[in-house]
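In: the sequence and its predicted three-dimensional model are supplied below.
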Amino acid sequence: MPKGKSRSEDLGRRRSLSDFDPLAAALLPPPNETPEEKEIRIRAEIEAQKISDDIDEMLRQEKLERKKTRAEVNVLLLGQSESGKSTTLKQFQLLHTPSAFHAERIAWRAVIYLNLVRSVRRILDTLSPEADIDDHDDEPLETASIIISSNGHPPSTISGTRVPKYEVYKKRLEPLIQLEEKLTRLLTAPGDSDEPTRLPLSWHQHDSLMTMSNGRPTPTITIPQTNFLSQSQSLPVSPTSYPSPTLSNGPPSNSRRGKEVTVHSSTNWRKTFGLGGKSKSPKSAHSGEIEGWWEDPDDPVHALNACAPAMQELWKDPNVRQRLDEKRIRLEESAGFYLNEIPRITAKKYIPTNDDVLKARLKTLGVVEHSFLVPSGANRGVQWKIYDVGGARNQRHAWAPYFSDVNAIIFLAPISAFDQVLIEDPRVNRVEDSLLLWKGVVSNKLLENVNIVLFLNKCDLLQAKLNAGVRLNEHMLSYHDKPNDYESVSKYFRNKFGAIHQSMTPNKERELYIHLTAVTDTRRTGTIIANVRDIIIRGNLKTLRLV
Ligand SMILES: Nc1nc2c(ncn2[C@@H]2O[C@H](COP(=O)(O)OP(=O)(O)OP(=O)(O)O)[C@@H](O)[C@H]2O)c(=O)[nH]1
Ligand SMILES: [Mg+2]
């Protein structure tokens, strides 16, 4: 390009730009630039442009990465009823929203009381002469705490240890029956005063309670029934198998007893029993201190506190323990935990500990959602949504709507349950049911790109059970005569579940992560959750990049 022309063009540009942009004019090349100077300038400009482009690209990549890591992570907790899903959710809450968890602990008082009262009633029911007669009916029994012998039936129990003080205990513990009614009523009372009080679930069909929002069922929570004097009436096999009100015997006050009670998440049991609820008295005018629920004469703690010595005597009575053993009832596998803590739990100023809340049993019906933000490096954090589903057979239809936008599944299989049967179908071994469910999940095409983490749960109970001499091969013939110790048994289950995934997954690239867990153990579970969180985030990023 001739020098003169270039200069005149430059001057023209300079003039027109300098008219409205003095900075642009200042950046223009000097008017008397030599060809050598121009070459150097242009080379420098190209270099600067390249650096600027590289920076732009870096920023673009970073932004993309941030967008990806900020993407919502949806995690679904799956597994049969009583596998530990809600407990795992509580552990996530404890780890990520500890202050909310602590604030809510007090509200769990009601559930813990009810768990304790039901355990006591369960013992009384076991000791009653009618229970022996009932044992001869081929009726389903509650699974969580009844050990079924290898032939699939509980041992015959008509003869065995007598408990001479049974009638005395029954009389002294009578107030607990009313308390059970009262707690159930309080827990199921709607939070909204204009909402009608719900009838016990047994007066409804499940499906009528499962209203849908966005094609997904609304969450409800159920307190498990424990009355096995009326098991034949109260045990659900399918949603339509609930007895109608006309089948219900006895006065209305007994109608809730032993039946499944539904607690909708919309009912405000947390508020009622929380410090902000009615159970808190106003500030004391004299001392200026905050008075608590213990000042309220209607609070359930008073009846419990009065019955504490009788409960303690019952639980410590060697004849009672012997009788429970004979009937192979293991209360420690369910809410029995609280029986070892009677003085503490029935104390007037009792505040549940983290452990108490983790062990509190409230059966989930429908799907409960919990979300929180997981901080991640320099990013704003990852929004996690965890869905906790009901695991009973008649609840499983509610799972599928969540499959389409889930990123990861934590599947829980309670391997301590190898000698138990399903409450929904006493012909089915609980571990066999978990294996069937597992097959269904890992082979599902819709879930082929979903990361799966398997929790072989209740390892603490498995260990205790094996130590007590319960043999796996009496319940799972395929175990043959391998050693009946914890190491061998847990390895066997790990291999069994792993092999099913290996052979049935539609995505051979998918890695399976297996953890041996006891999700009631906060320390161990905290470490596992941190690990799982990383796996899920990494897996999620990988999946996003592939899409
Ligand atoms: N000892 C012990 N108890 C456990 C463990 N995991 C759960 N539990 C207890 O088992 C009971 C049932 O646990 P949940 O978390 O309510 O079970 P779920 O899977 O949510 O059951 P559904 O809501 O019916 O589907 C609770 O009382 C828990 O405290 C465990 O690893 N060890
Ligand atoms: Mg649950």
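Out: Noted; the coordinates are in hand. Ligands and ions are numbered 1, 2, ... in the order given.

In: from the contact counts, what lies against the longest helix seen in the chain?
Out: If you go by DSSP state H, the chain has its longest helix at helix 35-70. Helix 35-70 is packed against strand 382-389, helix 522-546, with contacts defined by 3 or more Cβ pairs under 8 Å, 6 or more residues apart in numbering; DSSP states H and E. Just so you know, the C-beta spots here come from the backbone N, C-alpha and C atoms, and that holds for glycine as well.

In: ok, 7 Å please
Out: helix 522-546 (3 or more Cβ pairs under 7 Å, 6 or more residues apart in numbering; DSSP states H and E).

In: quick one: contacts of the helix it packs on?
Out: For helix 522-546, contacts defined as Cβ atoms under 7 Å, 6 or more residues apart in numbering pick out 68-69, 71, 73, 75, 91-92, 94-95, 354, 358, 374, 382, 407-408, 410, 449, 451, 453, 513, 515, 517-519.

In: mind doing that once more with 6 Å?
Out: Identification of contacts with helix 522-546 by Cβ atoms under 6 Å, 6 or more residues apart in numbering yields 68, 73, 91, 95, 407-408, 449, 451, 453, 513, 515, 519.

In: most surrounded residue in those residues?
Out: Each of these was scored by neighbours using other Cβ atoms under 10 Å; the highest score is residue 519's, at 28 neighbours.

In: spit out the contact partners of it.
Out: Applying Cβ under 6 Å, 6+ apart, the residues near residue 519 are 84, 87-88, 91, 457, 525.

In: tell me the spacing between it and residue 481.
Out: Taken as Cβ to Cβ, to the nearest Å, the spacing of residue 519 relative to residue 481 amounts to 31 Å.

In: residue in the stretch 251-400 of the chain with the shortest distance to ligand 2?
Out: residue 364 (3.1 Å; Cβ to the ion).

In: what about the helix or strand hosting that residue, near ligand 1?
Out: In the assignment (DSSP states H and E), residue 364 maps to strand 363-365. Yes: counting by Cβ under 6 Å from any ligand atom, contacts between strand 363-365 and ligand 1 involve 363-364.

In: repeat for stretch 340-349
Out: No: Stretch 340-349 stays out of contact with ligand 1 when judged by Cβ under 6 Å from any ligand atom, the minimum separation being 12.4 Å.

In: which residues touch that stretch?
Out: Here stretch 340-349 has contacts from 294, 301, 304-305, 308, 311-312, 338, using Cβ under 6 Å, 6+ apart.

In: ok, now with 8 Å
Out: Applying Cβ atoms under 8 Å, 6 or more residues apart in numbering, the contact partners of stretch 340-349 are 112-113, 116, 292, 294, 301-302, 304-305, 307-308, 311-312, 315, 332, 338, 350, 356.

In: flag every buried residue along it.
Out: 341-342, 345-346 (16 or more other Cβ atoms under 10 Å).

In: what about it, average pLDDT?
Out: Over the span of stretch 340-349, the pLDDT mean works out to 94.

In: quick one: end-to-end distance for it.
Out: 18 Å (Cα to Cα, to the nearest Å).

In: so where is the stretch 51-200 of the chain shaky, pLDDT-wise?
Out: Scanning the stretch 51-200 of the chain for pLDDT under 70 picks out 64-71, 131-159, 189-200.

In: show me which residues of the stretch 351-500 of the chain sit near ligand 2.
Out: Residues of the stretch 351-500 of the chain lying near ligand 2 by Cβ under 5 Å from the ion: residue 364.

In: does the helix or strand that contains residue 118 reach ligand 2?
Out: Using DSSP H and E, residue 118 falls within helix 109-127. No: Helix 109-127 does not reach ligand 2 (Cβ under 5 Å from the ion); its nearest approach is 12.2 Å.
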